[in-house]
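Engineer: Sequence first, then the predicted structure, then my questions.
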Amino acid sequence: MLPTRRLAALLLALLAASVPILAVAPPAAAVEQSVAIKDFAYAPANIQINAGDTVTWTNLEAIIPHDVSTKIPGEPEPAQPFESPMLQPSESVSVTFSTPGVYQYFCSLHPTMLGYVTVVG
């Protein structure tokens with residue numbers, strides 16, 4: 001019986017060694033994108049990110065406050081709405097986007113300031 005057990009163990013070891021090992025790549029690390037607020041504009045005005053990434057808006061104006069809001073009057077609310085506090089010069093706000101979609105945003109004090117974040121899955 002002993003040789004049979006050894007043979008079975010050897011066959012089992014060979015079988016295990018012949019099975020390919022599946023390697024799973026770790027998920028991509030979240031990325032932070034920056035948007036400058038300067039000269040009554042968002043720069044860049046259009047960005048594309050992956051779900052889970054973060055966008056940080058920084059007010060680079062000398063004296064003018066701005067905000068960042070998806071609550072645009074007359075427009076449908078996006079899947080993940082947000083509204084920043086009023087950003088004084090040199091202040092920033094960050095939003096992490098988890099839901100794919102196109103997010104149009106604007107400054108409530110200066111409604112001609114528009115930007116878009118496109119979040120892909």
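Structural biologist: Nice, I can see it. Just so you know, these numbers come straight off a predicted model, no measurement behind them. Residues are numbered from 1 along each chain as shown.

Engineer: Nearest residue to Asp53 in space, ignoring adjacent ones along the chain?
Structural biologist: Sequence neighbours aside, Val31 is the residue nearest to Asp53 in space, at 4.7 Å (criterion: CB to CB, 6 or more residues apart in numbering). Any C-beta I mention is one placed from the backbone N, CA and C, and that applies to glycine too.

Engineer: thought the one you found was touching Asn50?
Structural biologist: Yes - here Val31 reaches Asn50: they are 7.0 Å apart, a contact under CB atoms under 8 Å.

Engineer: The two: who's more crowded?
Structural biologist: Applying other CB atoms under 10 Å to Val31 and Asn50 shows that Asn50 carries more neighbours, namely 14 against 11.

Engineer: which ones are touching the more buried one?
Structural biologist: Contacts for Asn50 (CB atoms under 8 Å, 6 or more residues apart in numbering) come out as 28, 30-31, 119-121.

Engineer: What subset of the residues you listed is buried?
Structural biologist: Buried subset of the contacts of Asn50 (neighbour count, 16 or more other CB atoms under 10 Å): Val119.

Engineer: In strands, which of the contacts of Asn50 fall?
Structural biologist: Of the contacts of Asn50, the ones assigned to strands by DSSP state E are 119-120.

Engineer: Thanks a lot, catch you later.
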